[in-house]
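A.B. asks: Below: sequence and its predicted model.
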Amino acid sequence: MAFWLFRGQIEKARQVAELALTTINFREEQEIFNVWVAYLNLESQHGTRESTDGVFRRAIKNVDQEKKMYQHQIRILYKAGHHGQVFVIY
């Protein structure tokens, strides 16, 4: 993902994230979580609010560490200055 982001190819970075999510073995919970976090960071920086929310909803359904994912999303929203949305999630 970082390679394509460095080159300014946001869509290709998204494709890499989607491919990773379908390729990584489900037993590799931490690796899957890390991909979701990277994908969420990508969308928060380069996507729309809707695309970020969509990735977040999918991540919550597909990770075992829901609380950590919520905490990460709150940090992203707080850094972006979306304090109102932080309270909606919390």
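C.D. replies: Looks like it came in fine. Residues are numbered from 1 along each chain as shown.
A.B. asks: which residues in this protein form helices?
C.D. replies: For the chain, applying DSSP state H gives helices covering 2-6, 10-23, 29-46, 49-62, 66-79, 83-89.
A.B. asks: Mean pLDDT lowest where, among those helices?
C.D. replies: Ranked by mean pLDDT, the helices of the chain end with helix 83-89 at the bottom, a mean of 62.
A.B. asks: Let me have the helices of the chain in a markdown table, extended by mean neighbour count.
C.D. replies: The way it works is simple: take the backbone N, C-alpha and C, and place the C-beta from them, glycine included. Converted to a markdown table, those look like this (neighbours: other C-beta atoms under 10 Å):
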| stretch | mean neighbour count |
| --- | --- |
| helix 2-6 | 13 |
| helix 10-23 | 14 |
| helix 29-46 | 18 |
| helix 49-62 | 15 |
| helix 66-79 | 15 |
| helix 83-89 | 12 |
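A.B. asks: And for M1, the neighbour number?
C.D. replies: 19 (other C-beta atoms under 10 Å).
A.B. asks: so who does it touch?
C.D. replies: Contact partners of M1, counting by C-beta atoms under 8 Å, 6 or more residues apart in numbering, are A13, V16, A17, A38, Y39, L42.
A.B. asks: List the contacts of the residue most central in space within the chain.
C.D. replies: The centre of the chain sits closest to L40, judged by C-alpha atoms, centre = their mean, with a distance of 1.7 Å. Shown in contact with L40 (C-beta under 8 Å, 6+ apart): T52, V55, F56, A59, M69, H72, Q73, I76.
A.B. asks: so how far is K12 from the closest residue in space to the third one that isn't next to it in sequence?
C.D. replies: Counting by C-beta to C-beta, 6 or more residues apart in numbering, Q73 is the residue found nearest to F56 once chain neighbours are left out, at 5.3 Å. Relative to K12, Q73 is positioned 24 Å away (C-beta to C-beta, to the nearest Å).
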